[in-house]
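> Build me a structure from this.
(one chain, ligands or ions: 3)
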Amino acid sequence: MIVTKFGGTSVGNAERIKQVARLVWERRERGPVVVVSALGGVTSRLLDTITSAAARDDVARAAHLSSLRELHLAAVDGLGLSSSRRERARNAVLQGLGAIDDATCGMLLLGEQTPRASDAVAAMGELLSHVLVALALEEIGADAVAVDPRLVMRTDARHGSAEPDRAALAELTLHHLAPHVAAGRIPVTGGYVGATEDGVTTTLGRGGSDYSASLLGAALGAEEVQIWTDVPGMMTADPRVVRNARTLQRVSFAEAAELAYFGARVLHPATIRPAVERCIPVHVLDTFHPELGGTIVDDEGDDAPDARVRAVAWRKGIAMMSIGSPRMLGSHGFLARVFDVFGRHETAVDVVTTSEVSISVTVDQVQRLDAIQQDLSAFCEARIERGRALVCLVGRGLLESPRLVSDVLATLDPIPLRMFCLGSSDINLTFVVDESNAEEVVQRLHARFLESA
Ligand code: ADP
Ligand code: ASP
Ligand code: MG
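Ligands and ions are numbered 1, 2, ... in the order given. From the prediction side, this is the model:
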């Protein structure tokens, strides 16, 4: 059994959905379970619809609704389905759009959005796309069955970034997915979407379909999780920023996890964890160039023994907080108090550097930052700097590369670098730059460490 996940661009229109159906059909001997994202751009459009409704902008809300309707109906028409399947597809789309209309009408009246209602709307992209993909598969002769992700992906009720209940998931996949595969059918479900025990719709966070795929792969004990996307694999940098980026043929779980965590959007950061637990290889592939072979992520990775930089990743929208207090000098328990404040506000800290009298941290969930600053002000001073980016060189044996740091500094001179961190593991070197310099930093690092060799 394999899990094959197709991202938004891969199912962006009717032609692409047909291509996806062909790719799945070609792999039918391997027992595919298919996970799909919403049609490209749909989740963002749904979130815009919610924002417009809550802002009582009915003109914008109606415009978003009609573009969602057109996009989905054009996809249905382009699939060339038999008349009964076309009818089923159109009904699903019209019903889904009706639900979005109802939910956002409520938001419009109240002038507010609740997390629960927002998730019901945000989930609609995948709730529609998986039905269309299942019908496209049926059309080419596959015995495909659409499986509502809410039957399988049991989560907690943290709307917008729900956490799956792994024990329930294992049981639910046995009921709702495994029997189909055993009977030679191809189940197709939506990523990103789940439901609580009470059946309330939840979502896993942006880009979460990759995470759905690896969770399902782990629950089913799949032999491989395939992530089909719009680039040839995990690359030495984001090809949209670095034109000479190359595809990495094989990377370790640890390297892939660092890359994903530090902004290589090609994999959602949580994707690797379930795969590592069950030691399931993750194969990143290009939907538009399947012949290219992609990237294999597994526990060994590339077996090249030499220490070297393998890729560069970056993440924008980071805030830095510098926290200082003369009382920190020589005292104990100060860091614990600081982190306790972040903990109480459920805000994760990414990178930390510290001196005798101050510490700096980076945070990418910035919603609670002002409240955190307020709480910290009870016992220290905290300064926030927004608009920063984290840049991360990922490689192996980086601690053993004697000139790495001097090379990085020389390559980037005179761009100011902050919070330089090497040493917490030998597979990453991280620092903070101003967002406006981030692309240039990534390009220069790529040219120096990944193009010259
Ligand atoms: P999907 O919709 O298939 O999930 P995403 O847009 O989420 O696709 O992720 C694919 C995108 O990730 C690529 O188009 C590329 O711009 C971006 N990306 C960022 N860093 C990397 C990297 N190191 N390797 C490959 N792609 C990357
Ligand atoms: N459709 C969701 C998003 O755009 C999930 C995904 O594509 O992975 O964030
Ligand atoms: Mg993605």
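> Close to ligand 2: what parts of the stretch 1-150 of the chain are there?
With C-beta under 6 Å from any ligand atom as the criterion, the stretch 1-150 of the chain meets ligand 2 at residues 7-8, 37-38, 43, 125. Any C-beta I mention is one placed from the backbone N, CA and C, and that applies to glycine too.
> which sections of the stretch 251-400 of the chain are below the confidence cut-off?
Low-confidence segments of the stretch 251-400 of the chain (pLDDT under 70): 303-307, 328-330.
> where do the helices sit along it?
253-261, 272-278, 334-344, 369-376 (DSSP state H, counting those that start in this stretch).
> Same question for the stretch 1-150 of the chain.
Counting by DSSP H, counting those that start in this stretch, the helices of the stretch 1-150 of the chain are 14-26, 42-54, 58-78, 83-110, 115-122, 124-139.
> Give me the contacts around the first one.
Spelled out, it's helix 14-26. 4, 6, 9-11, 32, 34, 36, 74-80, 132-133, 136-137, 139-142, 186, 228, 287-288, 290 (C-beta atoms under 8 Å, 6 or more residues apart in numbering).
> Buried members of those into PyMOL, please.
To isolate the buried ones among the contacts of helix 14-26 in PyMOL, judged by 16 or more other C-beta atoms under 10 Å, type:
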select buried, resi 4+6+9+10+11+32+34+36+75+76+79+132+133+136+137+139+142+186+228+287
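> filter the contacts of helix 14-26 down to the ones close to ligand 1.
Within these, those near ligand 1 by C-beta under 6 Å from any ligand atom are 9-10.
> sec struct for residue 429, please.
strand (DSSP: H, G, I helix; E, B strand; the rest coil).
> got it, and the one 4 residues further on?
Using three-state DSSP, the secondary structure recorded for residue 433 is strand.
> Enumerate the beta-bridge partners assigned to it.
Beta-bridge partners recorded for residue 433 (DSSP bridges): residue 389.
> Hmm, it is touching residue 385, no?
No: using C-beta atoms under 8 Å, residue 433 is not in contact with residue 385, being 11.6 Å away.
> So between those two, which is more surrounded?
residue 433 (22 against 15; other C-beta atoms under 10 Å).
> Tell me how far the more buried one lies from ligand 1.
17 Å (C-beta to the nearest ligand atom, to the nearest Å).
> how about the residues of the protein that lie near ligand 1?
7-10, 37, 207, 229-231, 234-235, 237-240, 259, 264-266, 311.
> Could you identify the helix or strand that succeeds the host helix or strand of residue 219?
Secondary-structure assignment from DSSP states H and E places residue 219 in helix 209-220. Using DSSP H and E, the helix or strand that follows helix 209-220 towards the C-terminus is strand 224-229.
> so how far is residue 155 from the closest residue to residue 426 other than its chain neighbours?
Closest residue to residue 426 apart from its sequence neighbours, by C-beta to C-beta, 6 or more residues apart in numbering: residue 399 at 4.0 Å. Distance, residue 399 to residue 155, by C-beta to C-beta, to the nearest Å: 39 Å.
> Please apply the same query to residue 408.
41 Å.
> Out of the helices of the stretch 251-400 of the chain, which one sits most buried?
helix 253-261 (a mean of 23; mean count of other C-beta atoms under 10 Å).
> Does anything pack onto that one? Which helices or strands?
On a contact count with 3 or more C-beta pairs under 8 Å, 6 or more residues apart in numbering; DSSP states H and E, helix 253-261 meets helix 272-278, strand 295-298, strand 308-324, strand 381-396.
> And these: which comes nearest residue 200?
Closest approach to residue 200 among the helices and strands packed on helix 253-261 is made by helix 272-278 (23.2 Å; C-beta to C-beta).
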